[in-house]
Structures are given as C-alpha cells and as structure tokens.
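[1] Any chance you can model this:
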Amino acid sequence: MAQGLIEVERKFVPGSGTEERLQELGGTLEHRIIFRDSYYDTPELSLMRADNWLRHREGSGWELKCSGAASPSGSHTEYKELTVELAIVAQLCEVLDTDVLGAGGVAAVLGPLRLQEVASFVTTRSSWKLVLLGTEEELPLRVDLDTADFGYAVGEVEALVHEEAEVPTALEKVHGLSSLLGVSEQETAPAKLIVYLRRFRPQDYQHLLEVKSSKEKPQGSQHPDSGLG
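    Next comes the predicted model:
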C-alpha cells in the first residue's frame with residue numbers, strides 16, 4: 001500500500017455545550033468553514049466494500065482513506081490518508097485489481113475505473129486544536145464539529161501519526177479527550193457519508209451492512225454501521 005499519514009479517530013454526537021467545553025480545556029478555534037464533499041465509487045461500491053473511501057473536497061482536492069485497524073468495540077477507527085494523486089491512483093488500481101495504462105491524476109482514471117459520484121453534500125465545520133498536557137509526549141489533537149446540509153451533526157476527535165508504533169499513544173489521547181468532552185466509552189456515531197447513504201440510497205447502504213456483517217463475527221450491541229466510513 002502507498003504510504004500516508006495514519007488517522008486515529010473517534011466520532012461522537014456533539015452537544016450544545018461541546019464548544020464551551022473545548023474552550024475550558026484550552027482548545028483553540030482554528031476556523032469555521034463551509035465545503036462540499038463528493039464521494040466516488042464503482043456501481044457495485046467496490047471501494048466502500050473494501051473499506052476504501054474516495055473523496056473530492058472543493059478547494060482541497062482528492063483524498064483516499066484506506067482501512068486500518070479498529071477496536072473490538074468499534075469506538076475508534078484507523079485510516080491511512082492518501083492525498084498525493086499518484087499514490088491514490090496506485091491504491092485504486094490495487095483495490096479494484098486493475099491497471100490503467102498511462103494513468104495521470106485521479107480525474108483521468110474515473111472513467112477507466114468505472115468510478116462515479118455516489119454522494120455529494122455541503123458541510124459546515126468548526127475545527128478546534130488542543131494538546132492534552134501532563135504526559136511525556138504532547139500530541140496535538142483536532143476536534144471537528146460538523147453539520148451537513150441534510151441535517152446531520154457529528155463530532156470527531158482525531159490524531160494524525162506517521163508510524164503504526166505511534167497509534168497506541170494516539171488512541172489513548174483520543175479516548176482521553178473524548179472522555180473529557182463527556183463522550184461515554186460505548187458511544188459511537190456513524191460518518192456523514194453513511195447517514196447520507198442510509199437516507200438517500202438505502203439499497204446501497206443495506207448492501208454495505210450485509211458485506212460488513214459477512215466479514216466479521218457478531219460483537220454484541222455494536223452499532224450496525226459504526227465501522228463503516
């Protein structure tokens with residue numbers, strides 16, 4: 001797999017006092033922005049079924065998130081983030097088990113790889129940055145509070161690291177900050193894209209759930225789509 005940053009994240013349902021709590025913890029509001037995300041996949045959703053998520057963000061370009069590990073409870077996920085287009089194309093060809101001769105950027109291979117837009121929506125985001133003190137390594141954490149234009153709100157605590165060896169420390173801090181924000185250990189929240197598919201493309205959503213269920217053992221009361229996206 002092409003190299004990239006490892007994103008350790010945990011999603012949660014934000015409350016009316018979440019931003020105030022972030023301020024109390026020493027968080028800094030970096031920006032409030034509005035952007036459109038468009039997601040692409042084959043008609044059979046081959047990428048999503050392999051836990052790979054191809055996105056184009058207006059003003060930022062292409063990103064491919066590739067699956068990593070997840071906790072048994074499903075409360076956090078790890079993804080490799082690819083933003084260099086040549087690396088994205090290489091990973092797409094690997095996942096789809098095909099080759100594109102003379103491939104250029106991502107836009108150039110959408111047709112040959114049968115990739116089409118499957119979702120597009122606008123998000124209003126507040127991005128916060130803070131560091132949990134009192135430990136040997138100070139790892140900056142990011143908290144994004146999102147509201148999509150179809151009425152769904154979700155928060156995300158995120159840490160970015162370069163090596164797998166750094167993941168346990170990042171995970172500890174992600175869970176630590178989540179707890180300080182009042183997020184229970186069992187709480188999970190689906191990604192915006194998953195909620196979009198559930199509302200507007202229910203057949204595709206159901207198919208993804210079936211694929212996910214067939215690949216894993218039952219895990220009690222885990223949220224059915226907590227591991228998607």
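[2] Ala87 belongs to a helix?
    Yes - per DSSP: H, G, I helix; E, B strand; the rest coil, Ala87 lies within a helix segment.
[3] What separation do you get for it and Glu81?
    Note on Ala87: its distance to Glu81, by C-beta to C-beta, to the nearest Å, is 10 Å. Every residue, glycine included, has its C-beta placed from N, CA and C.
[4] try Phe200
    Distance from Phe200 to Glu81, by C-beta to C-beta: 26 Å.
[5] Kindly report the same for Leu101.
    Leu101 is 27 Å from Glu81, by C-beta to C-beta.
[6] neighbour count winner among those two?
    Glu81 (13 against 5; other C-beta atoms under 10 Å).
[7] secondary structure element for that one?
    Counting by DSSP states H and E, the element that carries Glu81 is strand 77-82.
[8] in whichever strand in the chain runs longest, what's buried?
    In the chain, with assignment by DSSP state E, the single longest strand is strand 116-131. Neighbour counts over strand 116-131 (16 or more other C-beta atoms under 10 Å) mark Val118, Ala119, Phe121, Thr123, Ser126, Ser127, Trp128, Leu130 as buried.
[9] out of those, what pair is the most spread apart?
    Greatest spatial distance among the buried residues of strand 116-131 (C-beta to C-beta): Val118 and Leu130, at 34.2 Å.
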